[in-house]
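Visitor: Sequence plus predicted model, see below.
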Amino acid sequence: MQRMKTRVIAFANNKGGSGKSTTCSNIGYALSLMGRKVLLIDGDMQLNLSLSFFAEDDVLEMAQSKKNLYYAIGEQKDLTDYIRKTEYENVDLIPSSTLMSGIEYELFTKWQREHILTKCLKNIKDSDAYDYILIDAPPTLGGWVMNIMCASDYLIIPVEASPWGLFGLANMFEFVQTVNQIAPDMKIMGIAITKVDERKNYFKQTKDTLAQLEDTYVFENYIRVDSSVEWAQDNSKPVVAFKKSSRSAKEYIELAKEVDSIGSR
Ligand SMILES: Nc1ncnc2c1ncn2[C@@H]1O[C@H](COP(=O)(O)OP(=O)(O)OP(=O)(O)O)[C@@H](O)[C@H]1O
Ligand SMILES: [Mg+2]
C-alpha cells in the first residue's frame, strides 16, 4: 500500500476511564491490518497503551530505562531514537514512564513549552515513514495534553455512554478552543462512543444529546461493553489481535475504517 502523508491523531478526554487507551490501541492495530503503518505514542504515566502491546515486565523495564517519552521530552530529543518494534508488523510504539506524572513541572520552564512534542516529533512526521501516529493522552487538561494536541492534526474524543461521561465534554470543547489559538489547524475528527450497554436507555439519550452538537462529528460505529476487552488487556494485546471474532474487535475494525476514511482524505 502506498504511504500517505503522516496524520497525527490524539486520543484525549479529561474524564478518566472513557476508553482512550483501549480505543487508541485497537484503532492503531486495526489500521495496521488495513495495511497502514502506525506509530503509537504512550503519553500517560499509567502505561496502559504500552501494556496493550508488551508484557508487564517489558513495560516496567522500558519505563525504568532512559529510552522513553519522559526523557525524550525532558531533553528535547528526536523521538526517532525512542521507537520500539512491537510483535506486529506495521505497529511501532514509543513507551512511557511513571515519571510522566512530573511532566508538567518539566515543561514549565521551557521556551515555547506547548510545542516541545511537536519539535521532538518533527523528523518522524516529516519523513512520512508512518501513515498514522496515534497518541494516547492522560485524563488531564494541562500543558502536557496541550503539547499532545498541538502536535496533532486530529483529536478523537472517546466518550463513555454515561451522564458524567457527557458532563465532562464541555471542558474538552473549551480546551480545544484554547489549543486552536496556538494550533489553529488541529481539528476534532470525532467523538467515539465507548462502553455502550444497549440494555440501558441511557445509551439512546447519549446518542441524542451528542447528535445535537453542532460541527462535531459522532462516529457511526460505537463500541459496546465486551468482556473480551478485559481478557485481551490481561494478555497484553489489543482485543482486535486477541480475539478478532469478538464483538468489540469487529466494532473497532469498523471504527478504524471510518477513521481511515477521514484521516486519508
Ligand atoms: N468495550 C469495553 N468493554 C468492556 N470494558 C471496557 C471496554 N472499553 C474499555 N473497557 C475497560 O474500561 C476501563 C477504562 O478503559 P481505558 O483504560 O481504555 O480508558 P481511559 O480513558 O484510557 O482511562 P484513563 O483515563 O485512566 O487513561 C478499562 O478497565 C478497560 O478494560
Ligand atoms: Mg488511558
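Guide: Now that the structure is in, tell me what you want to look at. Numbering: from 1, shown residues only. Ligands and ions are numbered 1, 2, ... in the order given.
Visitor: Return the list of helices and strands in contact with the lowest-mean-pLDDT helix or strand in the chain.
Guide: The weakest-scoring helix or strand in the chain, judged by mean pLDDT, DSSP states H and E, is helix 163-167 (a mean of 85). Applying 3 or more CB pairs under 8 Å, 6 or more residues apart in numbering; DSSP states H and E, we find helix 163-167 packed against helix 202-211. From N, CA and C alone the C-beta is placed, and that goes for glycine too.
Visitor: for the helix it packs on, which positions count as buried?
Guide: Phe203, Thr206, Leu210 (16 or more other CB atoms under 10 Å).
Visitor: Looking at those, which one is closest to ligand 1?
Guide: Within those, distances to ligand 1 taken as CB to the nearest ligand atom reach their minimum at Phe203, with 12.7 Å.
Visitor: phi, psi of the residue lying closest to the closest one once chain neighbours are set aside?
Guide: Of all residues not flanking Phe203 in the chain, Ala161 sits nearest, at 4.8 Å (CB to CB, 6 or more residues apart in numbering). Here is the backbone geometry of Ala161 (degrees, to the nearest 10): phi -70, psi 80.
Visitor: so who does Ala161 touch?
Guide: Neighbouring residues of Ala161 by CB atoms under 8 Å, 6 or more residues apart in numbering: Ile193, Thr194, Lys195, Val196, Asp197, Lys200, Tyr202, Phe203, Thr206, Tyr222.
Visitor: swap the cut-off to 6 Å and go again
Guide: Contacts for Ala161 were tallied using CB atoms under 6 Å, 6 or more residues apart in numbering; they are Ile193, Val196, Phe203, Thr206.
Visitor: Let me see the ranges of the helices in the stretch 51-200 of the chain.
Guide: 56-64, 69-74, 103-108, 116-127, 143-150, 163-167, 169-182 (DSSP state H, counting those that start in this stretch).
Visitor: Using JSON lines, lay out these together with distance to ligand 2.
Guide: Shown next, in JSON lines, are the helices of the stretch 51-200 of the chain (distance: least, CB to the ion, whole Å):
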{"stretch": "helix 56-64", "distance to ligand 2": "14"}
{"stretch": "helix 69-74", "distance to ligand 2": "14"}
{"stretch": "helix 103-108", "distance to ligand 2": "15"}
{"stretch": "helix 116-127", "distance to ligand 2": "17"}
{"stretch": "helix 143-150", "distance to ligand 2": "12"}
{"stretch": "helix 163-167", "distance to ligand 2": "14"}
{"stretch": "helix 169-182", "distance to ligand 2": "15"}
